[in-house]
Structure formats: C-alpha cells, structure tokens
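Participant: dropping the sequence and predicted coords here.
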Amino acid sequence: MSQKLELSTVIGFGGQVPSGMHLHPSGSHLIYPLGSTMVIREVKSNKCQFLHGHNGAITCVAMSNSGRYIASGNSTHMGFKADVILWDFKTKTMVHRMSLHKVKVQCLSFSNDEKYLVSVGGQDDNNVTVWDLEVGKPICGAELSQLGLCATFFNHTNSLLVIGGKYLLKVWEVNFQDRKLTPHDCRLGQLKRVITSVAMDRDDKALYCGTTSGDVLYVQMTEPYNFKFSGPHAKISQGVLSVAISSDRNVMVGGGDGSVTLLKFDDLSKIKGTKLMGAVTSLSLGGDTFFCGTSQSVMYSVNRSSLSASLLSTCHSERINDVSYPRETSDIIVTCSVNDIRLWNIAQSKELLRIQVPNLECNCVCFSPSGKAIVSGWSDGKIRAFGPQTGKLLYVINDAHKIIGDKKISGKLVGVTALAMTNDGSFIISGGSDGQARVWSITKDNQKLAASMKEHKATINCIVVKKDNSECVTASDDGSCIIWNLQRYARQNIMYAQTYFKQVAYLNDESQLLTCGSDKQITYWDAFDCNAIRELPESETGEIHALDISPSGEYFVTAGLAKNVHLWHYDQGEIIKTGQGHSGNVTKIRFSPDSKFIASVGDEGGIFIWKHSAK
Amino acid sequence: MKSGNYYYNNDGDSEESVYNLIEKPVTHTEKTTMYRSKYPSDTPPTSSTFGLKNTSKPGVANLAGQFIHPDFDGGGHTIQKECATMGRTTKHHINPMNYTKKSEKSMPQPQRFTYSDEEIRKPKVPLRNDKPIMGLTTDKNFIVSNAVENILSQPKSLQKGEPNWLAKSEFGKSPAYLSKIKQEIMDEYEYIQEMQDHQHNRGNKEMRALSDKDRDALIEQLKDKWATLQKKYQGISFSMPTDKVHVQRKEALEAEMDKIEKDIEKLSRRHIFVVDE
C-alpha cells in the first residue's frame, strides 16, 4: 500500500449546506462540510483534518451538546439509500454508519444527553427516524405529511423533539418502551409558513422558527403548543435561513440577503444587524464571537456585542475548472470557477484578488510568462487578460472561439477551453469547444490572429508548448493529440487512442509525453515519432482528468473521477503516494515551480495543497 | 516564432506583476546612535562675515569647508600678500617669456571661429592658388586582390528556416499558370466545338437522301424526255443536207440525249443525296 500524501493547506467550504458549519463547544475547532468530506479545522492555526466516508454530497451536519459526536448526512442517487454517519470528534473516526433514508437526509439533531439522534429524510423519503447512538440502530420512526426541513430535541428532556418544514411544525413525543413516535401539531392558526430553521429556548418554553417569508415565529413549547407572535416588524428579505439563541437569550437570525440580525427574545424586535456577503446559511455561537457561513462559501467571525464582522476565510462556492502557478513563485496560485477568477496566497490561505464576470464561466486560466497578466478563457468564447494586482482588464480577444448557442461538440465546457502562452510571452495558443486551436500574436496594443489550426473534431482540453516555442501539443476529446509546428502552423505529428484525452504533459527534457484520459490509463509517448511507449492503468474506478509532471521529471501526479490524488515515480511507473481529500472529480492538478507543493482543484470547489518532498 | 528572453518582451502586460504580490519579509534595521557633528557647534554659517574683526581685507568665515574660526585660527587678519614675509615659495617658477600681454587680463583672447556643425559641413572650396595633386596612381593589383577576396570570402548565408508559406499573398489560391492553361484548353475546345457544330448544321440543312419514289419519278420523267428526243432524232431525214444548221441541230439532239442517259445512270445508283438550294 502506498504512503499517504500529506496535506499542507485546504481552501474550501460547502456553504450551501443549511447550518453546515459548527463551532466545537470548546471553541477550538470549526466543523464544516466540503463536498462529501467533513473538515475539522483548528480556528487558530487553520490546520485541517478530514472525515471521509460519505458517498455523496453532504446535506446536513449536526454536533452534539458536549462536542463528543458529529453527525452528517448525505444525498445519493435516486433509488439508493442515503447514509447518516456518526463521528467521534476526539478520535476523528466513524462510529456508526446508519442508512435508512432514501436518496437524501434533510436534517439531523442530537438529544440533550447525546444518546439519541433524530434524522429527517428528504422529499423522496419523508420519514423521521430516531436512532440509538449506543448501537447505531433505529428506535422508532414515523412518516411525515410534508417535507421536513429542520429538527431539534428539547433541552431538558430526550423524549420530545420538534420538526419544522414545509407548512409543517410538529412536536413529537418519543416512547422508548413502545418504540413509538406520537405527533402533536403546533397551532399556527391561519399562518402558512415554510420553516427553514428552528432554535429552542434554553428553558424549553419557546421555539423560534425562521421562515422563508422572512419572519421568526415564537411558538409556545408547552401544551397546547400555540403560536404566540412573530417578528421582526420589517421582514428579513429573501427569508430566514438560520436561527440561533445567544447566551443572553436573544435570538440571532441569518437571512437570505446576507443580513445577520439580533432580535429581542421577548418580542422579536430588532436590536441591531449587520450585512454579510451571500445568504447566511449557518450561525454558530461561541463566546464573544460567533461564526457565520454563507452560501457564497465565505466564513465570518462576528463580534457578538458590536456585530462587526471580520472575514475568516473565503473560497469558491462552485466547481473550479483550472489552477495555475506563476513561473517563479510557489506562494501564489490562480484558480478559476463559475463567474470568477481568484488569486490566492497559499502560504497564508488568503485570497488576494477576485475578478468577477457575472453569468460567465471561466474555463481555463494561466499567468503570462513575465507574471504581468492573468490570461483566461471564458464560456462566451472570449479570451480576457487581467492585471494581477488590480484585476484591471488589460485586453479582450472577442470571438476567439465559436459558440453556436450552447452547442458543443463534446465535454461540459463551452467556449475557450484550453490556453497556453509561449515562453516569450508573445503568443497565446487557445483551444476551444469548436475543436480549433488558434494562435494569437500579443503585443501591448493589439492582439491578432496569427493562425487557426483546424484538425480536431472535438473539444480541446489541454495545450502545452515546448520550451523553445517551436511546437505545441493539443489534447482533444476526439481521441487524438496533435503536435503542431508553430513555424508553419501545421500538423507535425499525431497520437491516436480510444479515449477522450484530458491532459498532456511534456517530460522536462521534452523527449517524452504523458497523456491521460477517459480510458483510465496513463500513456507514455515518444515526443519525436509519437509512438506509445508504455501504458499504466491508474485505477479501475474513474477517468483521469488531471496530470502534471514535476519540474525535475522524476515524478508525476494524476487525479480524476476517483477523487484520489496519486503521486507516481516516472521511471518505475508505480504509485508512491496517495492523497485523500477531494470529494468529487478533480479537474486540474499542478506541481509548484519549486516542486515542494502540489495544487489540485475539484468540482466541489476545494483547493488542496499537498506537500511534496523530493525524497 | 520569435524566441528570446521573456524578460525583455511586451506581451500586452501592464506594469503590474504577480510577483509584487509576494509579501516581502519585514527587515528590522538596527537603530544607530544619534548623530553628533565633529565640528564645533558654534561654527558660523557658510560665508558669514558677521562679527568678524576686519582690517585691510575682511575675513569670510566657514568657506569651502574651512571650518576654522577666522578670528582665532586665521581669516581676514592673517591673509597676507605673497612674498610679504619670506619671499616666493621655492617651487614657484617664473617664465620671463610668459609675461602678461597687453589687455590680457581685461579682454578675452581671440579664438578661431568654429561652426557647431563643423564635422558634417562640406570641405572648403579650394583656394585659387591651391594646386591639385597630379599623377596619383595606385599600385594595387585589382585582379589579384579581387580573386583573393573572393576566395577568402564566406559564402552568403542562406535564409534561415523555412519561409512562412502561409503568409504568402497567393496562399490558398490556385496558381495563375493553372488558370491560364485551363483557359487555353477551354478556348481550344470551344473552337473545335464551334467548328463541329457549324459543319454538322450545314450537313443537316443541305443534304438529304432522295426517296425511292422521287427517284423513280425522276427517272421516269427523264425516260419520257429521252423518248421524245429519240422520236425527234429518228425523224430526221436520212439524206439530211450537210449544212451547218442541220448538223448542229442533229448534234444538239445527240448531246442532249447523252446527257439524259448519264443522268439516268446517275439516278440509278443505290443512295442518292440531294441538296436543297
């Protein structure tokens, strides 16, 4: 078994999961989901640990009162059972895997004594189940009339719990002897609300329910469970997504418009508020500061008394399509995603720059060799270059590649899908979903088409240029890699295989080429006559989408649908190390210029920086 | 494609660079001791004449880095004429020929005028009394030197690399000679076609096969005609006078009958083609 590839930094947070982020009661760790992985992050040192085990995206997270247990539920494909996994915080191990719900687990909640867990299934399941955590078996269950969205146990008894949802608010009584759940309807009168989040008063006297209508309902939690009043007077726009009770009994509310509002506990009038970026999906209260996670995957720490928010971390909230290092530093990377390009200082896990172009997707990005421009290819078929310090638009090449509506030949990306710059920085070579490779001559004032090379019949996924700028290689979905002569702008040689070529890389001395693709194989090619030298089956489980050779040529890394990052020895052709962390398809992987780090990005929006030592 | 060091290019970038984003380590400089001047604090300002004891020549304090106090360390007071005390210094040489000339000190010395663009000006027109140098010849053997130069010369370097065929103006167009030849072939073909058409049309219009019926009718008519002529010929008297009129009449009849016989013979062939006039 190969060794583990050690992680240096992870930048990622699944912000869309409702109340996904939790602060450990000790205040030392933040727990949040990233794709199908749970991340436990030390607040001070930003060190991360991972809990792997889910086979689908995590949809809900719960933490027990003392912080001993973490529970997380996921969603899977239609017709399969979704898991609830109970984790032990101390040992960071899985305690129980509990599968009963179909397709999706909607929400979870621990009982006050950490003996029981309630889980509510999604739309295709509509069941509520109470689990015994000692044995990891269900005790009792019942069917819900409507979709349940949130649940909580009472604070002083383990036999009562509340479930809120779509036009639904019920108190359930658990009978452990008879294994029965008895519902009691809450009396909301004429009120019709979709309840997205609930928070129980400390004394179990009242329940605060956040609704999509933008108000908070105060519901009495003693029989007969009457609705008392609602607030605040001015409704929170785009609905209430999260509710939490602060230590002074007041109610903290996170809204869909990014507002965090403090409401008075006895009449739900607004005390004060602040505004964050993205919808506030999770609120996690600590001592003086509390933590907010938003749907745009931004984490804030907010001072409780002044409600002044300070940015804790940012990350991509959508899939990342490309990652690139500048040529002469390993401290900075650029990543591109739907709508934006971001520049990161990875030594400090800090976002340096964000370049947003609304409603477009950036497919590929690279630095100019001098480091003076970020060149990117977009889904509208344009190439845009930005200044790396201000993010100012330097130039745009319009209609660089054809997009006929959204029609594409292959792949999921449209427009400009691959980019490379020659080493003198005077030419851009771009590949598109129209199957063309185009060479653009770039000067300070104008950018014009030098040549259009049309031989590929499908999307070009990768372009690499030789060091002396005499040739470039394009890898395409049509099952061919073409070596182009950049003097004559004509085909020099071609490699065929029964695969969708995803990436190609030159060995450091440019004598060999490495390709990977959908055939789950890595192939060594002779760069001169384009004969296949050697084939390595990487994994039986997934296509290989990403590949990079270390600057020394001694190692290379691959990753893909199988989620694992593999470090190979080039000559031996064996996996030396395996890195686990990604929870989805890995889209790109790169060695840093000093070859001390490996950066990989994936569909779940996470940036993973792996440590790589030469020996 | 150009190659070269990428530091000296302009790839459309602005002056901002990604490398400026790398945070540089903060350097802590050691605090140096407070500056204290090595000169006395009561040094007067530069060129100060304030408060100096003056006699024949006023002293100027702190001039040209002279930080001495003129009143104490020499200044106005101590400035004395040369050779006022011990005579001239021994290293002072006096050239008697280099005496001060008239108005040397008051007027500037005349200087030869030079143009500012002297270097690029044409040479001066020769003077009237300048004589050209005659009989200048060279003893260089041009034939030999040319041969030597050519033998020793490097061959002309050929054009580097393959020319960019794609950049040629006629790239993607069919060459002119091809279209020319094609045009010639077409012209010739058209000419032949025209000729053939012409011939064909004429044949169609003028020649036609005579039907058997027509032919038979013609022959029948000719035979009738021949029979009348024959009757007439037989009716000529045996003792015909031999005068010119009668002989001519008889010979005309004979000729006519011969012609008709020939026509009948002609019309009796298998295929008869006629031309409609």
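Facilitator: Right, received. Where do you want to start?
Participant: could you chop the chain up by domain?
Facilitator: Reading this off chain A. Taking automatic domain parsing as the reference, chain A has its domains at A:3-236+A:262-270, A:320-611.
Participant: chain B is the one I meant
Facilitator: If you go by automatic domain parsing, chain B breaks into B:35-80, B:208-277.
Participant: my read: A:Gly517 touches A:Met495, true?
Facilitator: No. Assessed by Cβ atoms under 8 Å, A:Gly517 is found out of contact with A:Met495, at 11.0 Å. For every residue, glycine as well, the C-beta is placed using N, CA and C.
Participant: which one's more surrounded, those two?
Facilitator: A:Gly517 (27 against 22; other Cβ atoms under 10 Å in any protein chain shown).
Participant: just the strands from the stretch 101-250 of chain B, written as ranges.
Facilitator: Taking DSSP state E, counting those that start in this stretch, the strands of the stretch 101-250 of chain B run over residues B:207-209.
Participant: stretch A:167-180: how far from the chain's middle?
Facilitator: The gap between where stretch A:167-180 is centred and where its chain is centred comes out at 36 Å by Cα atoms, centre = their mean, to the nearest Å.
Participant: so for that stretch, what gets flagged as buried?
Facilitator: The neighbour-count check on stretch A:167-180 (16 or more other Cβ atoms under 10 Å in any protein chain shown) flags A:168-172, A:174 as buried.
Participant: mind checking the domains of chain B for the one nearest to A:Leu7?
Facilitator: Nearest of these to A:Leu7, taken as Cβ to Cβ: domain B:35-80 at 53.0 Å.
Participant: once you drop chain neighbours, what's closest to A:Ala124?
Facilitator: Rather than Ala, residue A:124 is Asp. Excluding its sequence neighbours, the residue lying closest to A:Asp124 (Cβ to Cβ, 6 or more residues apart in numbering or on different chains) is A:Val103, at 4.4 Å.
Participant: reformat the domains of chain B as TSV; add distance to chain A, mean neighbour count and mean pLDDT.
Facilitator: What follows is the domains of chain B, written out as TSV (distance: least, Cβ to the nearest Cβ, whole Å; neighbours: other Cβ atoms under 10 Å in any protein chain shown; pLDDT from 0 to 100):
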stretch	distance to chain A	mean neighbour count	mean pLDDT
domain B:35-80	38	13	65
domain B:208-277	64	11	88
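Participant: and the ones you listed as TSV, adding distance to A:Ala546?
Facilitator: As requested, the domains of chain B are arranged in TSV below (distance: least, Cβ to Cβ, whole Å):
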stretch	distance to A:Ala546
domain B:35-80	61
domain B:208-277	89
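Participant: spell out the secondary structure type for B:Glu251.
Facilitator: Using DSSP: H, G, I helix; E, B strand; the rest coil, the structure places B:Glu251 in helix.
Participant: and the gap between it and A:Val135?
Facilitator: Distance of B:Glu251 to A:Val135, given as Cβ to Cβ, to the nearest Å: 153 Å.
Participant: with B:Thr43 instead?
Facilitator: B:Thr43 sits 96 Å away from A:Val135, going by Cβ to Cβ.
Participant: ditto for B:Thr114
Facilitator: Distance, B:Thr114 to A:Val135, using Cβ to Cβ: 112 Å.
Participant: run me through the strand neighbours of the helix or strand harbouring A:Gly73, direction for each.
Facilitator: Secondary structure from DSSP states H and E places A:Gly73 in strand A:69-74. Strand A:69-74 pairs in its sheet with strand A:58-63 (antiparallel), strand A:81-88 (antiparallel), by DSSP bridges.
Participant: how about those strands in CSV, adding mean pLDDT?
Facilitator: Below are the strands paired with strand A:69-74 laid out as CSV (pLDDT from 0 to 100):
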stretch, mean pLDDT
strand A:58-63, 93
strand A:81-88, 93
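Participant: got a markdown table for these, with mean neighbour count too?
Facilitator: Formatted as a markdown table, these follow (neighbours: other Cβ atoms under 10 Å in any protein chain shown):
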| stretch | mean neighbour count |
| --- | --- |
| strand A:58-63 | 25 |
| strand A:81-88 | 21 |
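Participant: Serialize these to TSV and add fields for distance to A:Thr422.
Facilitator: Output for the strands paired with strand A:69-74, formatted as TSV (distance: least, Cβ to Cβ, whole Å):
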stretch	distance to A:Thr422
strand A:58-63	43
strand A:81-88	50
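Participant: to A:Leu276, which of these lies closest?
Facilitator: Nearest to A:Leu276, of the strands paired with strand A:69-74 and by Cβ to Cβ, is strand A:58-63 at 19.7 Å.
Participant: what comes into contact with the closest one?
Facilitator: A:14, A:17-22, A:24-25, A:31-33, A:35-38, A:69-75, A:82, A:104-110, A:117, A:122 (Cβ atoms under 8 Å, 6 or more residues apart in numbering or on different chains).
Participant: mind redoing it with 7 Å?
Facilitator: With contact meaning Cβ atoms under 7 Å, 6 or more residues apart in numbering or on different chains, strand A:58-63 is reached by A:14, A:17-18, A:20, A:22, A:31, A:33, A:36, A:38, A:70-75, A:104-110.
Participant: out of those, list just those in helices.
Facilitator: With helices defined by DSSP state H, no entry of these lies inside them.
Participant: of the residues you listed, which belong to strands?
Facilitator: A:22, A:31, A:33, A:38, A:70-74, A:105-110 (DSSP state E).
Participant: which of those residues lies closest to B:Asp214?
Facilitator: Nearest member of these to B:Asp214, counting by Cβ to Cβ, is A:Asn74, at 108.1 Å.
Participant: count of residues packed around A:Val39?
Facilitator: For A:Val39, the neighbour count with other Cβ under 10 Å is 23.
Participant: just checking, it touches A:Tyr32?
Facilitator: Yes. Applying Cβ atoms under 7 Å, one finds A:Val39 in contact with A:Tyr32, separated by 5.6 Å.
Participant: may I have stretch A:79-89 as PDB, with CA atoms only?
Facilitator: The C-alpha coordinates for stretch A:79-89 follow below in PDB (Å, rounded to 0.1, in the frame of the first residue of the first chain):
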ATOM      1  CA  GLY A  79     -33.200   4.800  -5.600                       C
ATOM      2  CA  PHE A  80     -30.300   4.400  -3.200                       C
ATOM      3  CA  LYS A  81     -30.200   4.800   0.500                       C
ATOM      4  CA  ALA A  82     -28.500   7.800   2.000                       C
ATOM      5  CA  ASP A  83     -26.200   7.500   4.900                       C
ATOM      6  CA  VAL A  84     -26.100   9.200   8.300                       C
ATOM      7  CA  ILE A  85     -22.600   8.900   9.700                       C
ATOM      8  CA  LEU A  86     -21.800   9.400  13.400                       C
ATOM      9  CA  TRP A  87     -18.300  10.500  14.000                       C
ATOM     10  CA  ASP A  88     -16.300  10.700  17.200                       C
ATOM     11  CA  PHE A  89     -14.700  14.100  17.500                       C
END
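Participant: ok, residues contacting it?
Facilitator: A:24, A:38, A:51, A:53-54, A:56, A:67-76, A:93-105, A:108, A:119, A:133, A:136.
Participant: make a ChimeraX selection of the buried ones in these.
Facilitator: The buried residues among the contacts of stretch A:79-89 can be selected in ChimeraX (16+ other Cβ under 10 Å) with this line:
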select /A:24,38,51,53,54,56,67,68,69,70,71,72,73,74,75,76,95,96,98,100,101,102,103,104,105,108,119,133
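Participant: next one: the spatially closest residue to A:Asp571 that is not a sequence neighbour from A:Tyr570, what distance?
Facilitator: Counting by Cβ to Cβ, 6+ apart, the nearest residue to A:Asp571 once its immediate chain neighbours are dropped is A:Glu554, at 7.8 Å. Distance, A:Glu554 to A:Tyr570, using Cβ to Cβ: 6 Å.
Participant: in terms of neighbours, single out the busier of these two.
Facilitator: Between A:Glu554 and A:Tyr570, counted using other Cβ under 10 Å, the more crowded position is A:Tyr570 (18 against 15).
Participant: can you pull the pLDDT of A:Ala562?
Facilitator: Looking at A:Ala562, its pLDDT stands at 85.
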